[in-house]
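Asks: what shape does this take:
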Amino acid sequence: MLEAKNLSKSYGSHKALNNLNLTIGPGEIFALLGQNGAGKTTTINLFLGFIEPTSGIALINGISVAENPQETKKHLAYIPETVMLYPNLTGLENLEYFSSLAGFDYSKQDLSELLATAGLQNQAFKQRLGGYSKGMRQKVGIAIAVAKKAKVLLLDEPTSGLDPKASNEFSEILKNLTLHGTAILMATHDIFRAREVASRIGIMNQGHLQSVLDAGSISANELEDLYLKTV
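Replies: The predicted structure is shown next:
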């Protein structure tokens, strides 16, 4: 569902991403670990089409992002560190608006079921987003992704600022999405959350993907040791 082939991005003499090769299949969660400036967000932005590669190619569902940006956006959803929604609209209204932009016309019952599936409490459906916690906004973001029938989900520091309970709930929602074949790329600093939720983990440093690990084959402490040695 996601593929990078010799993907690079330079800003003058600075290589933000250097020759990335990566494939993420349906139902897989790939976590990118690395410090600020390692190339994680650059990778996400290249798949989103927010920036153009200096060389190489980013593919979504086999389609080139650079050549067909509008077509690839039909297949993906994006949840940044701070989800940008309309604070004066309710959770239900935000979901209705963003799903309609994607060409879907859901009933109020369907919208409510989507929010419930994303883990949002029923009493919050008709409350304005301005009063939501970050974890609640993230759940609306997940509901929008499901409503769009996104095959690919891109996440940039999704658990940053969440308390342990909200972070755990978010992880469980992601795991549930993979059961429906969603491919997930998650950029994060959270070593232990990456170990818990991901299928595979990549460690980035200075634009290079240094290591790719099977999450089930390494303990959290071993991953932390490897991460510290890499960065």
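Asks: which residues sit against stretch 144-151?
Replies: 1, 26, 61, 75-77, 79, 94-95, 98-99, 102, 104, 106, 111, 114, 117-118, 153, 177, 181-183 (Cβ atoms under 8 Å, 6 or more residues apart in numbering). In short, each C-beta sits where N, CA and C put it, glycine included.
Asks: ok, of the residues you listed, which come out buried?
Replies: Neighbour-count burial within the contacts of stretch 144-151 applies to 1, 61, 75-77, 79, 94-95, 98-99, 111, 114, 117-118, 153, 177, 182-183; the criterion is 16 or more other Cβ atoms under 10 Å.
Asks: ranges for the helices of this structure?
Replies: Using DSSP state H, the helices of the chain run over 40-48, 69-73, 91-101, 108-117, 134-147, 164-178, 191-197, 220-230.
Asks: what residues are up against the residue most central in space within the chain?
Replies: Among the residues of the chain, the one closest to the centroid is residue 155, at 1.9 Å (Cα atoms, centre = their mean). Taking Cβ under 8 Å, 6+ apart, we find residue 155 in contact with 78-79, 174, 184-188.
Asks: out of these, who's nearest residue 21?
Replies: Checking those against residue 21 by Cβ to Cβ gives residue 185 as the nearest, at 14.1 Å.
Asks: what about that closest one, how many residues close to it?
Replies: Using other Cβ atoms under 10 Å, residue 185 has 26 neighbouring residues.
Asks: tell me what it is bridged to.
Replies: The bridge-partner assignment for residue 185, based on DSSP bridges, gives residue 30, residue 154.
Asks: close enough to count as contact, it and residue 48?
Replies: No: the pair residue 185 and residue 48 fails to qualify as a contact (Cβ atoms under 8 Å) at a distance of 10.4 Å.
Asks: one step back: and the pLDDT for the residue nearest to the centre of the chain?
Replies: We note a pLDDT of 93 for residue 155 in this prediction.
Asks: now do residue 198
Replies: 95.
Asks: next up, phi/psi of it, please.
Replies: Here is the backbone geometry of residue 198 (degrees, to the nearest 10): phi -80, psi 150.
Asks: one more: residue 88?
Replies: Note on residue 88: its backbone torsions stand at phi -90, psi -10 [degrees, to the nearest 10].
Asks: I figured it hits residue 128, correct?
Replies: Yes: with contact defined as Cβ under 8 Å, residue 88 reaches residue 128; the gap is 6.1 Å.
Asks: the more surrounded of those two?
Replies: Applying other Cβ under 10 Å to residue 88 and residue 128 shows that residue 128 carries more neighbours, namely 15 against 9.
Asks: any idea how the chain splits into domains?
Replies: Following automatic domain parsing, one finds the domains of the chain at 1-75+152-231, 84-150.
Asks: ok, residue 83 - contacts?
Replies: With Cβ under 8 Å, 6+ apart, residue 83 has these contacts: 134, 137-138, 140-141.
Asks: ok, those residues vs residue 52, which is closest?
Replies: Distance to residue 52 across those (Cβ to Cβ) is lowest for residue 141, with 25.5 Å.
Asks: so how far is residue 191 from the closest one?
Replies: According to Cβ to Cβ, to the nearest Å, residue 141 and residue 191 sit 23 Å apart.
Asks: the two: who's more crowded?
Replies: The neighbour comparison of residue 141 against residue 191 (other Cβ under 10 Å) goes to residue 141, with 25 against 19.
Asks: can you give me the neighbour number for the closest residue to residue 196 other than its chain neighbours?
Replies: Nearest residue to residue 196 in three dimensions, chain neighbours excluded: residue 171, at 6.0 Å (Cβ to Cβ, 6 or more residues apart in numbering). Here the count is done by other Cβ under 10 Å, and residue 171 has 21 residues near it.
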